[in-house]
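**Student:** Sharing a sequence plus its predicted fold:
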Amino acid sequence: MKAREAILSAVRAGRREDPAPRYIHPAWTGDAVAHFAARARSSAADVIEITTFEDAPEAIWSILMSKQAEARVHFPLESPVAALPWQRAPGLTLTSERPSGLETAVSIADFGIAETGTVVFFSSQRSASSWHFLPGREIVLIRRHTIVPRLENVIETLSSRRDMPATVNLVTGPSRTADIEQTIERGAHGPRELCVIIAE
């Protein structure tokens, strides 16, 4: 025990009380939305811009038709996606069934990160984390004013919340891996396709 106490005493004596340094980023001067869109596209995501969220159903219909995909979208009943004016895209079939790896899910991102083209999801009863891993294609809606310059802006928002989410999902482009023979494979841990719709 004496040797142990001597070691611990030496460790305590060697501790420094200096505060952790604060890293201050330079002010963001560019167009965050344009930068976000460019970075998302460079990560193999499809990005389109529309005028308002009310135009989303027609935009989603157009995306699916352009990809010759099934005109069927999945989202949880509690999701705010359910409040969109889906009657504007009567050709779409809506379902609250959990999607498979061959189907399309629609979600709303809490934030976008301009620096990396990342969409951010806070888990809640209205937004289950598992839904971001299940579908083969995810169409993400995001409002322009929720696109922030850096991850630190999202962390700052989280630190001021009383209701901390259980999970924060950061998604940059479609799911892909090169673990197998160094060959890029999509859909390893989530959607093979990511489509981002930016609106006011």
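**Tutor:** Perfect, I can see it now.
**Student:** got the contact list for residue 171?
**Tutor:** Residues counted as contacts of residue 171 (Cβ atoms under 8 Å, 6 or more residues apart in numbering) are 118-121, 132, 138, 140, 190, 194. Any C-beta I mention is one placed from the backbone N, CA and C, and that applies to glycine too.
**Student:** what do you get if the cut-off is 6 Å, keeping everything else the same?
**Tutor:** The contact partners of residue 171, by Cβ atoms under 6 Å, 6 or more residues apart in numbering, come to residue 119.
**Student:** Likewise for residue 87?
**Tutor:** By Cβ under 6 Å, 6+ apart, the contact list for residue 87 is empty.
**Student:** beta partners for residue 104?
**Tutor:** Beta-bridge partners recorded for residue 104 (DSSP bridges): residue 73, residue 137.
**Student:** heads up, I number from 571, so please use that
**Tutor:** Okay, residue one is now 571; in that scheme the one you just asked about reads as residue 674.
**Student:** burial measure for it, as a count.
**Tutor:** Counted by other Cβ atoms under 10 Å, the residues lying close to residue 674 total 25.
**Student:** these two touch, right, it and residue 707?
**Tutor:** Yes: if you go by Cβ atoms under 6 Å, residue 674 and residue 707 touch, sitting 4.4 Å apart.
**Student:** How confident was the prediction at the residue sitting nearest the centre point of the chain?
**Tutor:** Closest residue to the average C-alpha location of the chain: residue 689 at 2.8 Å, with Cα atoms, centre = their mean. The score at residue 689 is 97. That number is its pLDDT.
**Student:** which element is it on?
**Tutor:** Assigned by DSSP states H and E, residue 689 belongs to strand 688-692.
**Student:** hang on, the earlier thing: got the contact list for the residue nearest to the centre of the chain?
**Tutor:** Taking Cβ under 6 Å, 6+ apart as the test, what residue 689 contacts is 679, 682, 710, 741.
**Student:** Nice, that's everything, thank you.
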